[in-house]
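Undergrad: This is a predicted model, with the sequence first.
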Amino acid sequence: MIKTKISLLFLLMVVVNFSFAQKSKYSTSNQSAINAFERGLKELDGGDRIKAIPYFEKALDKDSNFLEPYMALGDIYADQNDLSKAIELYRKFVSINPDFYPNALYLLGSYELRNGQYQASKDHLLMYQSKANNIPTTKKNTIQRMLASCDFSMYAIQHPVPYNPVNLGAGVNTEGGEYYPSLTVDQKKIIFTRRFKDDRMMGRYQEDFYISTKKDSVWQKAINPGGPLNTMMNEGAPSISADGKVVFYAACNRPDGIGNCDIYLSQMMGDNAWSQPMNLGAPINTTAWETQPSFSSDGRTLYFIRGYNDENRRKIQDIFMSTYTDENRWSEPVRLSDSINTLGSEESVFIHPDNQTLYFSSDGHPGLGGLDIFMSKRRPDGTWGKAVNLGYPINTNGDENSLIVSPDGQLAFMSSTRKDGFGDLDMYSFELYPAVRPSVVSYVKGIVVDDKSGNPLQAKFEIVDVRSGLTVMSDVSDKKKGEFLACLTTGKEYMLNVSKEGYLFYSDYFNCSDVTDQQHAYKITARLKQPVAGETVVMKNIFFDNNKYDLKTESFSELNKLVAFLKSSANVSIEIGGHTDAIGDAKLNVALSENRAKSVYNYLLEKGIATSRLSFKGFGSTVPVADNTTEEGRAQNRRTEFKIK
């Protein structure tokens, strides 16, 4: 459905359509009524709708069957969002003579849909179809979407979804407005936009970012991070990275702006200290306007709203996506498919940390009246599935937007004006019903340090889906603290690789197949060793079938890291060691471990590593690193490693 907002230009077009200037074509012959009506038209022509109202009302006092003033008044009240008054006037119009101007039935149906009067809207839209001639194709399509919205809405109200919003409390909400929240993956920090009267600006309204942290399940008093993130101008629609270190946001009318509104980036430099914001520049920002970014948990993908005029000069607002490439630049943004974008407006996009579930607002899909919130799932082939309306009463005939969902998929957050609030828009959370939840997300939280000194290191880390071999996240650890955080979608296996020039790489393995909540988040310390003789690295992502020594394809990602290390360290030679647990015959275990080490050796040879730099050896169960009496210990003993010679 498309919102129908009547403008002054449209009102003047109505005047032309009715040929009001030709008095013989008016629906009345009462000259006093005509004089009052024409005086109202002059006020409209001068741009003053308020002054026009009493003249139109006077015209109706002179002749209650005078059709034109009903429509003019109805349009004015609709433009002021007083839909009940507009509907009352339009219903009077069509009750007198629906054939005088059939398009009035279309406008009436539009207003009724926006006002939540779905059956009446459907009836009037169908009546319009039966009376109007030569309806343009675009308008026919709009009517079909509106009729679909009427049917959907009546069904949705009869089948409500669970919805019990809980105010986030005084730590977050004030008598001002709080909206556009963004949450870190550990659910301990929330950043949002607050609108308030600023004494520094003589009480004018200002939009700034505020940040609240959660302690003992309670959101603490939000703080203003100050400059340079916040300025005397407005900032809005923040999207914080999974680790809370980077924030993308929208700002308008800035001196360094490319269009009216652009997307900016700022990085955390310390506790509540942020870097000077940077305009993302082309190709993200254009002479159109870009806003409401959402940064994916893979650390590489940005979703955002772009507003522009199409070839017919219609205002379009769509969701676009861009990826940060290996060449350290943003790719040319791509408009998401028609499964997501419509001829209406799309807003407040949010990509869940599972990187598969998209939430957004739209008035172009069948819904309950204004902007409704929808969900779409990414299919295995990378395309987006059908948009699903979250249902009533999450959605209403008003506008709903800026919804986000917690990483564990349990809670949704959005802003609303409710009787239990603190004033203007407040932020609420509510339990999201299962049918529209994303995949559950866990996370790995780690720190990179020098093995000998224990000092933190900035190093590159990659998270790879073991089965597909696809990199799901690539980033660097914090420069000062060596910290990093990455999302792990449950139901999958992952490898972690940490690398830094001058050090041996570190690897780890995470099996998220059985993780069902964030209490199972992984916490690790990646200790990087320098490549000196005798140092050993366990490769935790080398896989073999039970009692076999053929490398499984899932091993190739890690082996390629070893190949890259050896090619960048031409003076390094290694010994590949194979190890087993203590179960079974000792001689057979030695033979198995040697064959497994040889498989790795052969792979490296195939990749161009010289024979003179490589050797291999099978140790069987003779060099355990854990207790062989437990399954966990035996799993640690079954390993492949390499040692610097």
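TA: That came in fine, so what should we check first?

Undergrad: out of everything not next to it in sequence, what's closest to Phe37?
TA: Computed as C-beta to C-beta, 6 or more residues apart in numbering, the closest residue to Phe37 that is not its neighbour in sequence is Ala59, at 4.1 Å. Where C-beta positions appear, they are placed from N, C-alpha and C, glycine not excepted.

Undergrad: Am I right that that neighbour is in contact with Phe66?
TA: Yes. Using C-beta atoms under 8 Å, Ala59 is in contact with Phe66, at 5.6 Å.

Undergrad: which stretches of the stretch 451-600 of the chain form strands?
TA: Counting by DSSP state E, counting those that start in this stretch, one finds strands in the stretch 451-600 of the chain at the ranges 460-465, 471-476, 483-489, 493-499, 506-511, 522-528, 536-539, 574-579.

Undergrad: out of those strands, which comes closest to Glu631?
TA: strand 506-511 (13.5 Å; C-beta to C-beta).

Undergrad: Tell me where the model's unsure across the protein.
TA: 1-24, 514-520 (pLDDT under 70).

Undergrad: Spatially central residue in it, please.
TA: Nearest to the geometric centre of the chain sits Phe350, at 1.5 Å (C-alpha atoms, centre = their mean).

Undergrad: can you give me the strands for the stretch 151-300 of the chain?
TA: 166-167, 177-183, 189-198, 204-215, 218-219, 236-240, 246-252, 261-270, 273-274, 278-279, 289-295.

Undergrad: helices or strands next to the first one in the packing?
TA: Which is strand 166-167. With contacts taken as 3 or more C-beta pairs under 8 Å, 6 or more residues apart in numbering; DSSP states H and E, strand 166-167 sits against strand 426-431.

Undergrad: mind exporting the strand it packs on as CSV, just the C-alpha atoms?
TA: Output of strand 426-431 as CSV, limited to C-alpha atoms (Å, rounded to 0.1, in the frame of the first residue of the first chain):
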residue,chain,number,x,y,z
ASP,A,426,10.2,5.4,24.6
MET,A,427,12.2,2.2,23.8
TYR,A,428,10.6,-1.1,24.7
SER,A,429,11.6,-4.7,24.5
PHE,A,430,9.3,-7.7,23.9
GLU,A,431,9.7,-11.4,23.4
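
Undergrad: angle of it against strand 189-198?
TA: Per axes from the mean of the first three to the mean of the last three C-alpha atoms, to 10 degrees, the angle that strand 426-431 makes with strand 189-198 is 160 degrees.

Undergrad: what packs against strand 426-431?
TA: For strand 426-431, the packing partners by 3+ C-beta pairs under 8 Å, 6+ apart are strand 166-167, strand 177-183, strand 411-416.

Undergrad: Need the residues touching each of Ala59 and Phe66.
TA: Common neighbours of Ala59 and Phe66, using C-beta atoms under 8 Å, 6 or more residues apart in numbering, are Ala33, Phe37.

Undergrad: before we move on, back to that, now mean neighbour count and distance to Ser32 too, for the strands of the stretch 151-300 of the chain, in JSON lines please.
TA: Compiled in JSON lines, the strands of the stretch 151-300 of the chain are given as follows (neighbours: other C-beta atoms under 10 Å; distance: least, C-beta to C-beta, whole Å):
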{"stretch": "strand 166-167", "mean neighbour count": "14", "distance to Ser32": "56"}
{"stretch": "strand 177-183", "mean neighbour count": "24", "distance to Ser32": "48"}
{"stretch": "strand 189-198", "mean neighbour count": "20", "distance to Ser32": "48"}
{"stretch": "strand 204-215", "mean neighbour count": "18", "distance to Ser32": "45"}
{"stretch": "strand 218-219", "mean neighbour count": "16", "distance to Ser32": "63"}
{"stretch": "strand 236-240", "mean neighbour count": "25", "distance to Ser32": "51"}
{"stretch": "strand 246-252", "mean neighbour count": "22", "distance to Ser32": "49"}
{"stretch": "strand 261-270", "mean neighbour count": "19", "distance to Ser32": "50"}
{"stretch": "strand 273-274", "mean neighbour count": "16", "distance to Ser32": "66"}
{"stretch": "strand 278-279", "mean neighbour count": "14", "distance to Ser32": "60"}
{"stretch": "strand 289-295", "mean neighbour count": "24", "distance to Ser32": "49"}
